[in-house]
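# Can you look at this prediction? I've put the sequence above it.
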Amino acid sequence: MAQIKPFKAIRPTKDKAAFVASRSYEEYSKNELKAVLKYNPFSFLHIINPGFKFDKNITGKERFKLVHNRYTEFLEDTIFQKDEQPCFYLYQIEKGLFKTLGFFCACSVLDYQNDIIKKHEDTIQRREKLFADYLQTVGFNAEPVLMTYADNESVSAILKKETSTTPEYDFTTTDKINHRLWKVEKKASIETLQATFASISALYIADGHHRSASSNLLAKKLKTENKEHIGDEAYNFFMAYLIPESEIKIYEFNRMVKDLNGLTKNEFLIQLDTHFRIEKKEDGLYKPTRKHHFSMYLDGEFYSLYLRKTVYKFTDALSELDTQILYKTILEPILGISDLRNDKRISYGYGKNNIIKMKDSIDTGEFAVGFSLVPINMNEIKAIADAGLVMPPKSTYIEPKLRSGLAIYEF
């Protein structure tokens, strides 16, 4: 059953939390990143971009060491503080109608190894090792693995009670997202949460497959190096953010391909006809609304593609996944794309306006054809994970996206 532990978080002092918290590094444009680093000395981005101090782009092991140095400086300058008692940390994100409440905790690598923590994506061994080396050098983890659990009344009651108190942090960022964080430090609340999760049979990774795999790899390495290993060392756990299934938001990734693999437009449509009933859409943008229906944009026109279920056979949970159907009926056999991760001919996009971006990129000639799908749901993710199967890459874009630097786990 699922094991969760409180931990002594490294956190920004209350007056600096809003300045420290940062989005994922990849979400910043080059100019925005430069401006934050120049004008906000408290941003967590200074830690993960240590070369800025030297006006130099630093990579590899040298960067890892400098990340550790910048982190140490934040502690020395009391930008960060360490809690004296192990806690769980409730973290609420709210923007408009979107609101989610989960909590930071430490999860067990043994649960990961024993498939209590379930996965639905493949990981790349090279990236696992790179991040494991990073973790060992810097000595902390600031990026939690996002995991879900089945909605539970006992957990909800505890979280509701804890959030009735004054939060440690309460601030709104410039993207109009409100962030609140509470410490759960009462022994009774901690033990009740642990006991409740001990009866939960599985946790599902929503985002962070490489982070969890790397933490597992590092734990195995440090175990072999520690002759006095007993199992409760900090490296046997990794930081996670747990939210109920009902509060996760899943969005689709569109697929765009640069060419038709040597086919003319008519030859391509004829080949599609084997697996799909094709209808040209005359009125504006077209997005699918049901599973096994796809939108295609080609040569200035939108088409609906309806899967011929008498031709395509469902054999397991993976075969019913729309991203897998698209791969097995179009991308691989017709367009010649076998490696979805590395083939330079395919690109992916997400977001509510992405179908417009997809249309524009095809109209300008950057891509030849694009496909839009309906989002995958949580039940599909669980079915894939329970069966030990793996989704195609870029099957889901998942929210919430957490701010970095609000809670840090040290090894």
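Here it is on my side, so go on.
# so what's Val36 up against?
With contact set as CB atoms under 8 Å, 6 or more residues apart in numbering, Val36 has these partners: 22, 28, 43, 45. Where C-beta positions appear, they are placed from N, C-alpha and C, glycine not excepted.
# what do you get if the cut-off is 10 Å, keeping everything else the same?
By CB atoms under 10 Å, 6 or more residues apart in numbering, Val36 lies in contact with 19, 22-23, 28, 43-46, 49, 52.
# Equivalent analysis for Thr196, please.
Residues near Thr196 by CB under 10 Å, 6+ apart: 2, 4, 149, 152-155, 157-158.
# Narrow the residues you listed to those in helices?
Among the contacts of Thr196, the ones falling in helices (DSSP state H) are 153-155, 157-158.
# Filter these down to just the buried residues.
When those are checked for burial by 16 or more other CB atoms under 10 Å, the buried set is 155, 158.
# now the ones in helices among the contacts of Thr196 as JSON lines including distance to Ile230 and pLDDT?
Output for the ones in helices among the contacts of Thr196, formatted as JSON lines (distance: CB to CB, whole Å; pLDDT from 0 to 100):
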{"residue": "Glu153", "distance to Ile230": "35", "pLDDT": "93"}
{"residue": "Ser154", "distance to Ile230": "31", "pLDDT": "92"}
{"residue": "Val155", "distance to Ile230": "29", "pLDDT": "94"}
{"residue": "Ala157", "distance to Ile230": "34", "pLDDT": "93"}
{"residue": "Ile158", "distance to Ile230": "30", "pLDDT": "92"}
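# ok, the ones in helices among the contacts of Thr196 vs Glu62, which is closest?
Val155 (43.3 Å; CB to CB).
# Strands of the stretch 51-200 of the chain, residue ranges please.
80-82, 88-95, 98-108, 117-118, 140-141, 145-149, 169-172, 178-184 (DSSP state E, counting those that start in this stretch).
# that older thread, now render the ones in helices among the contacts of Thr196 as a markdown table, adding distance to Ala317.
Putting those into a markdown table (distance: CB to CB, whole Å) gives the following:
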| residue | distance to Ala317 |
| --- | --- |
| Glu153 | 28 |
| Ser154 | 29 |
| Val155 | 27 |
| Ala157 | 33 |
| Ile158 | 33 |
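# And the ones in helices among the contacts of Thr196, which is closest to Lys401?
Val155 (22.2 Å).
# picking up where we left off before, mind listing which of the contacts of Val36 are in strands?
Using DSSP state E, no member of the contacts of Val36 falls in strands.
# Scan those residues and report the most crowded one.
Ranked by the number of neighbours (other CB atoms under 10 Å), these place Phe44 first, at 27 neighbours.
# just the helices in the stretch 151-300 of the chain please.
All helices of the stretch 151-300 of the chain, identified by DSSP state H, counting those that start in this stretch, fall at 153-162, 187-197, 209-225, 265-272.
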